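Chemist: what follows is a predicted protein model with its sequence.
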Amino acid sequence: MSLLQAVKYQRGKLEVLDQLLLPHEFHYDTVSTRQEAFDSIATMRVRGAPAIAIVASLGLAVELHNNPVSGTSDEQVISQIDEALDYLKQSRPTAVDLTNAITQLKATIRTADGKGKEAIVQAFIEEAERIFEKDLQSNLSIGDFGAQWLQAQAGASPDQKISVLTHCNTGALATSGHGTALGIIRTLQSKGYLKHAFCTETRPYNQGSRLTAFELVHEGIPSTLITDSMAAALFRTKKAENNIAAVIVGADRVVRNGDTANKIGTYQLSVLAKHHGIKFIVAAPTTSIDLETKTGDGIKIEERKREELTQISGAVVGPDGRVDGNNKVRVATADQRIDVWNPAFDVTPAEFIDVVVTEKGAVEKGPDGTFDFSKILPKRWAKVVG
Ligand SMILES: CSC[C@H]1O[C@H](OP(=O)(O)O)[C@H](O)[C@@H]1O
């Protein structure tokens, strides 16, 4: 079974899987400049909070590796790199991993200030590579902590397998590998704890039906696709027979009190989970935590173009049921005159979240009903919260 990789990288060369062609076509774009990285992110050929940060960082690293910087003084070079990072930050506003990576990269290049432009560029490239390499380790840890929490809180074991539901795509296609929420599902499967994984279609961009279903089937994980609107009926009529124990989702931004921005449709799943006595788990690396923002009210929610609701594009399925990836059509799925509201994310209040599972551990709410990330992020907490 081939490893699914959203990103392939070696110093000086970055290839990014065009996820808009999945699951019908496996095509990697070569990304060699900040502009190409920006376009890949903004068009959602690559998406997923960690993957966005990785492609932005490595895309600029490749540009800097292959093209000498024009600035002559260290100050000029640092300023040019800052400008490129500020440009990349505009590619998508909600996921905080990109902002956190940019903060990290800007701090790192300043440690090479005074050592010459080659040293500054080298420091940037090495930090961008660290961001990429660290993400996989983080996801494997999230998987382990998530499985441990479910073993303790839901009795998950090989003798008492559990089923879970997940939303959007949070797997190898959204990260450097393994995944966050889907990473916990992979770990549950590897430990023999998983009975079944349900995944939602995740309208309107269908990351669930196009990407998560692809990842689950690719790895032979027992799974079923449902529409977003079927979740309530699934919980009410099939929770017992499937032992549905948890909804596990990713995050684009977890703020200081635990309120979490994630793919649109996440909030309603949290309300349903609460109503049906099902645990609600947010799985996210600490790169997705934003301690600067106090509550979910402070999160900027990206709104995307109307055509994502009113039109779909896809490959033609032939009479024999085979997909013709070369023959694509764009179909109107609504009256093209209708007004459209298309927020890409919503905010789930901390009160509906049972645990935030990170690579540094599973964080539950304190007695005051909010999350305290000071124990897993002491330095950042002290710097921001005091
Ligand atoms: C580990 S992916 C986190 C997060 O990002 C996705 O959004 P998008 O596909 O628009 O980039 C989704 O909200 C995932 O849960």
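Modeler: Yep, it's here. Because the structure is a prediction, the values reported are computed rather than measured.

Chemist: interface residues of the stretch 1-150 of the chain facing the ligand?
Modeler: 47-50, 95 (C-beta under 6 Å from any ligand atom). Backbone N, C-alpha and C define where each C-beta goes, glycine included.

Chemist: just the closest of those to S288, please.
Modeler: Taking C-beta to C-beta as the measure, A49 is the one of those closest to S288, at 5.3 Å.

Chemist: excluding sequence neighbours, find me the nearest residue to the closest one.
Modeler: A95 (3.7 Å; C-beta to C-beta, 6 or more residues apart in numbering).

Chemist: dihedrals phi and psi, that neighbour?
Modeler: phi -70, psi 130 (degrees, to the nearest 10).

Chemist: now Q76
Modeler: According to degrees, to the nearest 10, Q76 has phi -70, psi -40.

Chemist: quick one: neighbours of D297, just the number.
Modeler: Neighbourhood size, D297 [other C-beta atoms under 10 Å]: 10.

Chemist: now do the contacts for it.
Modeler: Listed by C-beta atoms under 8 Å, 6 or more residues apart in numbering, the contact partners of D297 are 259, 347.

Chemist: how near is it to S70?
Modeler: Look at D297 and S70: by C-beta to C-beta, to the nearest Å, they are 42 Å apart.

Chemist: disregarding residues adjacent in the polypeptide, which is nearest to the residue of the chain found nearest the ligand?
Modeler: In the chain, no residue comes nearer to the ligand than G250, which is 2.9 Å away by C-beta to the nearest ligand atom. Sequence neighbours aside, T170 is the residue nearest to G250 in space, at 3.4 Å (criterion: C-beta to C-beta, 6+ apart).

Chemist: wait, does stretch 197-209 contact the ligand?
Modeler: Yes. Residues of stretch 197-209 contacting the ligand under C-beta under 6 Å from any ligand atom: Q207.

Chemist: what does that stretch rub up against?
Modeler: With C-beta under 8 Å, 6+ apart, stretch 197-209 has contacts from 44, 47, 163-169, 185, 189, 212-213, 216, 221-228, 230-231, 234, 242, 244, 263, 265, 269, 304, 308-309, 342, 344.

Chemist: from those residues, which land in helices?
Modeler: With helices defined by DSSP state H, the entries of the contacts of stretch 197-209 inside them are 185, 189, 213, 216, 231, 234, 242, 269, 308-309.

Chemist: sorry, back to before: buried subset of the contacts of stretch 197-209?
Modeler: Buried members of the contacts of stretch 197-209, counted by 16 or more other C-beta atoms under 10 Å: 44, 47, 163-169, 185, 189, 212-213, 216, 221, 223-226, 228, 231, 234, 242, 244, 263, 265, 269, 304, 308-309, 342, 344.

Chemist: what about the longest strand anywhere in the chain, distance to the chain center?
Modeler: Counting by DSSP state E, the longest strand found in the chain is strand 323-332. Relative to its chain's centre, strand 323-332 lies at 27 Å (C-alpha atoms, centre = their mean, to the nearest Å).

Chemist: phi, psi for P349 please.
Modeler: According to degrees, to the nearest 10, P349 has phi -60, psi 150.

Chemist: OK, contacts around it?
Modeler: So P349 contacts 259, 267, 270, 296 (C-beta under 8 Å, 6+ apart).

Chemist: so which of those sit within helices?
Modeler: 267, 270.

Chemist: farthest-separated two in the contacts of P349?
Modeler: Farthest apart among the contacts of P349 - using C-beta to C-beta - are S270 and G296, which lie 11.9 Å from each other.

Chemist: between these two, which contacts overlap?
Modeler: 348-349.

Chemist: how about the residues of the stretch 151-300 of the chain that lie near the ligand?
Modeler: Counting by C-beta under 6 Å from any ligand atom, the stretch 151-300 of the chain sits next to the ligand at 168, 170, 174-175, 180, 207, 249-252, 262-263.

Chemist: ok, 5 Å please
Modeler: Applying C-beta under 5 Å from any ligand atom, one finds that the stretch 151-300 of the chain approaches the ligand through 168, 170, 174, 180, 207, 250, 252, 262-263.

Chemist: so how far is whichever strand or helix holds V247 off the chain centroid?
Modeler: Assigned by DSSP states H and E, V247 belongs to strand 244-249. From the chain centre to the centre of strand 244-249 is a distance of 17 Å (C-alpha atoms, centre = their mean).

Chemist: next helix or strand past that strand?
Modeler: strand 253-255.

Chemist: how close does the spatially most central residue of the chain sit to S40?
Modeler: The chain has G48 as the residue nearest its centroid, 3.2 Å off, counting by C-alpha atoms, centre = their mean. G48 sits 12 Å away from S40, going by C-beta to C-beta.

Chemist: got the contact list for I244?
Modeler: 162-165, 198, 234-235, 238, 278.

Chemist: ranges for the helices of the stretch 51-200 of the chain?
Modeler: All helices of the stretch 51-200 of the chain, identified by DSSP state H, counting those that start in this stretch, fall at 74-89, 96-110, 117-154, 181-191.

Chemist: neighbours around T237, how many?
Modeler: Neighbours of T237 (other C-beta under 10 Å): 9.

Chemist: what's the helix or strand for it?
Modeler: Using DSSP H and E, T237 falls in helix 231-242.

Chemist: mind checking the SS state of D346?
Modeler: strand (DSSP: H, G, I helix; E, B strand; the rest coil).

Chemist: over to the one 10 residues further on?
Modeler: Here V356 takes the strand state, with states given by three-state DSSP.

Chemist: just confirm it contacts V363, I think it does.
Modeler: Yes. Applying C-beta atoms under 8 Å, one finds V356 in contact with V363, separated by 4.8 Å.

Chemist: now for these two: what residues contact both?
Modeler: 258, 371, 373.

Chemist: which pLDDT value goes with the second one?
Modeler: We have a pLDDT of 95 for F371.
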